[in-house]
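# no letters, just coordinates:
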């Protein structure tokens, strides 16, 4: 017994990885394993060999995943004993997100954060987006068009599109980070889209971003996302006089 719980080999098992990116599958399965077994800081996961066997991947892949978790301070490797959980896997990202929102930082800083995060998400989406991801972005564009047609600011369609790009990155850290600071992102979008003519401009730019992602062009996707976000930021700064 470790930390009041049985070791991992008697708990629920993890599903083997599929043909999705290995790093993503390992991350997903480890998260599921921790959640399903209710593991808490101090509890034992299992040995590297056992993890590799349950996940159906090589030990080198598991070693890389564990190294990343160690760098984040999430697990501790005790040689000869196994791998132990130091803190819940969501703690670092959730704390970072909450602190950012709590600071009530000015909009220009939020736009800078969006540029850093969403440009990379667009780049990754061009390489990783599946049919479901593309369908979600298409639906968001259709919703934006409907909202604009009815005289609305297209806030919901805009939100769904940007979230769709983030989801299509298939990077669990970026996805969780954006989820944590979504409120801050939404505030900047509202400021932008409530300006005359901006919803239609944003829709056109979103369509261009989508076309690049659908074409599988990472560089062009990133370029168009950056141009969209920078252009919006510059317009707002001119209005505010900053």
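Yep, it's here. Quick caveat, the model's predicted, so the values are computed rather than measured.
# so who does residue 175 touch?
Each residue near residue 175 by Cβ atoms under 8 Å, 6 or more residues apart in numbering is listed here: 166-167, 169. (Each C-beta comes from the backbone N, C-alpha and C, glycine too.)
# helices - which of those land there?
Taking DSSP state H, the ones among those that sit in helices are 166-167.
# between the contacts of residue 175, which is closest to residue 159?
Nearest to residue 159 out of these is residue 166 (Cβ to Cβ; 10.8 Å).
# contacting residues around the closest one?
Per Cβ under 8 Å, 6+ apart, neighbours of residue 166: 117-118, 121, 174-175, 178.
# wait, isn't residue 146 in contact with residue 160?
No: using Cβ atoms under 8 Å as the test, residue 146 is too far from residue 160 to be in contact (11.9 Å).
# okay, and the common contacts of these two?
Listed contacts common to residue 146 and residue 160 are nil; contacts here mean Cβ under 8 Å, 6+ apart.
# so what are the domain limits for the chain?
According to automatic domain parsing, the chain comprises the domains 8-85, 91-240.
# any chance of these in TSV, plus mean pLDDT?
Listed next are the domains of the chain as TSV, based on pLDDT from 0 to 100:
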stretch	mean pLDDT
domain 8-85	72
domain 91-240	86
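# just say which of those domains is most tucked in.
domain 91-240 (a mean of 18; mean count of other Cβ atoms under 10 Å).
# tell me how far that domain lies from the chain's centre.
Counting by Cα atoms, centre = their mean, to the nearest Å, domain 91-240 is centred 12 Å from the centre of its parent chain.
# what's the helix or strand for residue 176?
Element membership for residue 176, per DSSP states H and E: helix 172-180.
# downstream neighbour of that helix in the secondary structure list?
Next along the chain after helix 172-180, taking DSSP H and E as the criterion, comes helix 182-193.
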